[in-house]
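Trainee: Here is my input, please return the structure:
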Amino acid sequence: MQASQELRFSLCERPAVPLPVSVIVPVRNEARNLPRCLESLRGVGEVCVIDSHSTDETVAIAQAYGAKVIQFHYRGGWPKKRQWAMDTLSFAYDWILLLDADETLSPNLIEEIRRAIESTGIDGYYIALRMHFLGKVLRHGDAAFYKLSLFRGGKGHFECRLKNQDESMCDMEVHEHIVVDGPTAKLANPLIHHNVDSLSRYIRKHDNYSNWEAGVWLRGEASQGELPPTPWGTQAQRRRWLKWKFLGIPGSPVLFFLYKYLFRLGVLDGRPGLIYAGFQAMQMFHVKAKIFELRMQKRETCTTARPEADAAGAKVSYDASTQAVR
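Mentor: Numbers count the residues shown, from 1 in each chain. Model prediction:
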């Protein structure tokens, strides 16, 4: 609690004219990352922290910064945390910004957003991520990408790639993307993304991600409204198409590592680039292994169900024959 008390008035005075944007920050036990995130949002008009029953000082820290704290109770299915917030909450401003607890806004990005939302012809903006991983900015290895993080309220929604989800698949959208009904553009200044709190937590978090991803790729047909994987679409669609192609190749985790580390020049990012490429390859291995596990469980379920169905059919036939004798 002492940490949150020290933070309470460490903030600079808010600007006279706050940025007219409502920010959604999903959290669970983010006491280490959240102060840095909320410090960068001190000039923003409204901050809504959507918490999943944190057991650390996350809630106290959010309240110390003047953020609204809303508890989210996830029991599987759809929607997940951020879409639920967009469907449920009333926001003070017309524009919504999605920000993770390990992301921050720079003063230049805040001013660019202020200018951008004055445009009447654009309904959403892609913002690049500048990824910090193990103390280094990753400039290669396909680590930098754009997210559609800023959009007009009522114009954007998350695609739903898998409705049948459970609590092992994370209570927040994983690799679902925002779809905006209207024109979009890109901003020049990036979000600062501090990707790793600790490697142990990174591994635990991505274990949940791989549960979800295995379910998505095993599902087969795309859901209605889902962004299709294609080499000609948005960056998100191209990355999805690439992963889909890699998943079908024997030994793809090794090839994926070589693609990230050598072809996409992750080697130039030093040891952090090597570790990042290795984790990306391991994530693909975990997804493929869990797809195999799910298929095996499905076959076992079908094998168990068939004798029971045959036995039930035989009983019906026997009952019918005895009734006929009578």
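Trainee: Below-threshold pLDDT in the stretch 201-326 of the chain: ranges please.
Mentor: Flagging of the stretch 201-326 of the chain using pLDDT under 70 yields the residue ranges 220-224, 305-326.
Trainee: What segments of the stretch 1-150 of the chain are strands?
Mentor: 19-27, 44-51, 68-71, 95-98, 103-104, 124-133, 136-137, 146-152 (DSSP state E, counting those that start in this stretch).
Trainee: how about those, which one is nearest Trp212?
Mentor: strand 19-27 (15.1 Å; CB to CB). (C-beta placed from N, C-alpha, C; glycine too.)
Trainee: List the neighbouring strands of the closest one plus their orientation.
Mentor: strand 44-51 (parallel), strand 95-98 (parallel) (DSSP bridges).
Trainee: Give me the residues contacting the last one.
Mentor: Yep, that's strand 95-98 we're talking about. Strand 95-98 is contacted from outside by 20-24, 44, 82, 86, 113, 117, 147, 149-153, 156, 178, using CB atoms under 8 Å, 6 or more residues apart in numbering.
Trainee: among those residues, which ones are buried?
Mentor: Among these, those classed as buried by 16 or more other CB atoms under 10 Å are 20-24, 44, 82, 86, 113, 117, 147, 149-152, 156, 178.
Trainee: Where do the helices of this protein begin and end?
Mentor: 2-8, 34-40, 58-64, 81-88, 107-116, 199-219, 235-247, 252-258, 270-325 (DSSP state H).
Trainee: Just read off the phi/psi values of the residue at minimal distance from the centre of the chain.
Mentor: Centroid-nearest residue in the chain, with CA atoms, centre = their mean: Val174, separated by 2.9 Å. Val174 has phi and psi values of phi -90, psi -80 when expressed as degrees, to the nearest 10.
Trainee: pretty sure it contacts Glu213?
Mentor: Yes: assessed by CB atoms under 8 Å, Val174 is found in contact with Glu213 at 7.0 Å.
Trainee: tell me the contacts of Ala214?
Mentor: 287, 290-291, 293-294.
Trainee: cool, and Ser40?
Mentor: 104-106, 192 are the contacts of Ser40 under CB under 8 Å, 6+ apart.
Trainee: and what of Trp232?
Mentor: Trp232 neighbours (CB under 8 Å, 6+ apart): Arg238.
Trainee: what about it, distance to Trp241?
Mentor: Distance, Trp232 to Trp241, by CB to CB, to the nearest Å: 9 Å.
Trainee: which one of the strands of the stretch 1-150 of the chain lies closest to Pro228?
Mentor: Closest approach to Pro228 among the strands of the stretch 1-150 of the chain (CB to CB): strand 146-152, 16.1 Å.
Trainee: who does that closest one touch, helix- and strand-wise?
Mentor: Other helices and strands packing on strand 146-152, by 3 or more CB pairs under 8 Å, 6 or more residues apart in numbering; DSSP states H and E, are strand 95-98, strand 124-133, strand 178-180.
Trainee: name the helices or strands packed onto the shortest one?
Mentor: Judged by 3+ CB pairs under 8 Å, 6+ apart, the packing partners of strand 178-180 are strand 146-152, strand 156-158.
Trainee: what's the angle from the longest one to helix 235-247?
Mentor: Right, the one you point to is strand 146-152. Between strand 146-152 and helix 235-247, the angle comes out at 140 degrees (axes from the mean of the first three to the mean of the last three CA atoms, to 10 degrees).
Trainee: ok, for Ala188, nearest residue in space, not its chain neighbours?
Mentor: Closest residue to Ala188 apart from its sequence neighbours, by CB to CB, 6 or more residues apart in numbering: Glu112 at 6.4 Å.
Trainee: my bad, Leu129
Mentor: Closest to Leu129 by CB to CB, 6+ apart is His193, at 4.5 Å.
Trainee: Provide a list of residues in contact with the one you found.
Mentor: 100, 102-103, 129-132.
Trainee: Out of those, flag the one nearest to Cys170.
Mentor: For those, the nearest to Cys170 is Asp100 (12.5 Å; CB to CB).
Trainee: Hmm, that closest one is touching Arg28, no?
Mentor: No: counting by CB under 8 Å, Asp100 does not reach Arg28; the two are 11.3 Å apart.
Trainee: From Met284, how far out is Ser149?
Mentor: For Ser149 relative to Met284 (CB to CB), the value is 25 Å.
Trainee: What of Lys68?
Mentor: 38 Å.
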